[in-house]
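J.: Pasting the sequence and the predicted model now:
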Amino acid sequence: MGRWTGPVIALLVIAALGTAYWGYTHYDARRDLEITVANRYQSSFYSLVDNVEKMEVSLAKTLVANGMAENVRQLSTVWQEAMTAQANLSQLPLGQETLMRTAKFLTQSGDYSYMLMRNHTLGKTLTAKDREQLQNLREQATLLSQNLHEVQATASQGKLRWAEIERNAQEKLPKGTKSIGKDPFAKINDGIEKFPTLIYDGPFSDHIEERQPKGLTGSNIDEDEARDKVLAFLPDTLKKDTVTRKSSDIEGRIPGYSFTVRRQGEEGILAIVDISRKGGHILNMINFRDVKEAHIGLEDAGAKATQFLASKGFKNMVPTYASRSDNIAVIPFAPEIDDVLVYPDLVKVNVALDNGDIVGYEALGYIMFHHARKIPKPKISEKEARAAVSSELEISSTRLAIIPRENQQEAFCYEFKGMINNNEPYIVYVDALTGEEINILKVITNEEGTTTM
């Protein structure tokens, strides 16, 4: 037996070294992935801090401005920064309650600012009530900015562990538990809870947020049924060698389940998917993978998103204006019914511009507003509707559309797209039942895509 001792020991040493090398390379790859994800979180967080800071400054300037032109400029900044802040917030691994409360504040701030901008274009000045609401928003933005700067200070000291925050966000805590010690963002949520109710004539006003989702149909499903639906919905890139588990229950206006997707044998979260309890409707999906340098354009991304929606049962969906952020295309879709585009029922799809992967999905607008509509017949002709449009607009296309209005109302319109002075694109909406011009949007196109204002 003695003569085998040397070779056996050698083999054991080689095996041990091989195992150690495999373990080291596996650890090294995992560490690189965690660093990449953490850097993405860090970038989104610092951008969020900047967005909220600019919102607070512009809200303060609006309160001291005396002219409509300056007010419009500052309110426009609030609106744009609030939208960008929401995009950055959605990229952070926060708990559902913190995420939804903060997102609600940002949504209302942007929506309220947009409403005041439109009022200015109609010749209306700020009322005492408007100024009171703006002061409330400014105070909340100041508090939110201060709390974010406290978190930023923690980050600058190297004490912010995104992997730990990501894990904590998925833990189901007992009702009423405060986790400030574990979650540096919890204090932000406390501040949002203290914010007074915002009432105004806008689509995200508190009193309108009490509405019931029209697209929430079907019977209640249990956790196992929900998991099956989530698995069926996931893009193919998230189905291979992954584990899908329920991380928490979602309460509120749309009760449901939140699921995480992880690589087998690994701790890091690849994606989060929320699904409604009633009917099993997918509410949103976020794929956290790092997106490399862009190799495809917005048009190709739109085709990928259209194909994805069709595979999930969404038919006749038309992409509207697309934009891009951090090499990710954000493409809103609206359904086309009887040649009428229905804008309230929006579905947003995010596409990675490095290879066309689907990395995000959000259907809150669709769930809130989609229902079986009876499309009316226009009471005025297209020619009569054109008469309501300024002769300065050189019209390039016309179609029928349903657009959202205040107080849960919708309008059946002619949509006129065109140019002024050959280089300024606008969209004008004329009520197809009354002939009244009810909305004008300016189209803004730059290297990041196209948006309307």
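T.: Sure thing, it's come through.
J.: For the residue nearest to Val351 when sequence neighbours are not counted, which three-state class applies?
T.: Among residues not flanking Val351 along the chain, Ala301 sits closest, at 4.0 Å (Cβ to Cβ, 6 or more residues apart in numbering). (C-beta placed from N, C-alpha, C; glycine too.) Three-state assignment for Ala301 (DSSP: H, G, I helix; E, B strand; the rest coil): helix.
J.: hang on, Ala301 packs against Gly356?
T.: Yes. Ala301 is in contact with Gly356 according to Cβ atoms under 8 Å; the separation is 6.7 Å.
J.: Neighbour count: these two, which is higher?
T.: More crowded of Ala301 and Gly356, by other Cβ atoms under 10 Å: Ala301, with 26 against 18.
J.: The more buried one: what's it in contact with?
T.: Contacts for Ala301 (Cβ atoms under 8 Å, 6 or more residues apart in numbering) come out as 322, 329, 331, 351, 353, 356.
J.: Run through the bridge partners of the fourth one.
T.: Just to be clear, that refers to Val351. Ala329, Ile358 (DSSP bridges).
J.: Let the chain start at 350 from now.
T.: In the new count, where the first residue is 350, that last one comes out as Val700.
J.: so how far is Leu583 from Pro774?
T.: Distance of Pro774 to Leu583, computed by Cβ to Cβ, to the nearest Å: 37 Å.
J.: Between the two, tell me which one has more neighbours.
T.: Leu583 (22 against 17).
J.: Run through the residues that contact the more buried one.
T.: 593, 610, 620, 622, 634.
J.: so is the residue sitting nearest the centre point of the chain in a helix, a strand, or just coil?
T.: Nearest residue to the geometric centre of the chain (Cα atoms, centre = their mean): Ala436, 5.4 Å. Judged by three-state DSSP, the three-state class of Ala436 is helix.
J.: Where do the helices of the stretch 650-799 of the chain begin and end?
T.: 713-718, 731-735 (DSSP state H, counting those that start in this stretch).
J.: and among the ones you listed, the most buried is which?
T.: helix 713-718 (a mean of 21; mean count of other Cβ atoms under 10 Å).
J.: Quickly note the distance from the residue nearest to the centre of the chain to Ser393.
T.: Ala436 is 8 Å from Ser393, by Cβ to Cβ.
J.: can you check Gly709 too?
T.: With Cβ to Cβ as the criterion, Gly709 and Ser393 are 13 Å apart.
J.: do the same with Ser730
T.: On the measure of Cβ to Cβ, Ser730 and Ser393 end up 49 Å apart.
J.: neighbour-wise, which of these two wins?
T.: Comparing Ser730 with Ser393 by other Cβ under 10 Å, the one with more neighbours is Ser393, at 18 against 12.
J.: How about the contacts made by that one?
T.: Counting by Cβ under 8 Å, 6+ apart, Ser393 touches 437-438, 440-441.
J.: Looking at strand pairing, list the partners for the residue lying closest to Ile744 once chain neighbours are set aside.
T.: With sequence-adjacent residues excluded and distances taken as Cβ to Cβ, 6+ apart, Ile744 is closest to Gly767, at 4.1 Å. Beta bridges link Gly767 to Ile744, Tyr775 when assigned by DSSP bridges.
J.: Gly767: neighbour count?
T.: Neighbours around Gly767, by other Cβ under 10 Å: 19.
J.: Repeat that for the one 4 residues further on.
T.: Residues contacting Asn771 under the criterion other Cβ under 10 Å number 6.
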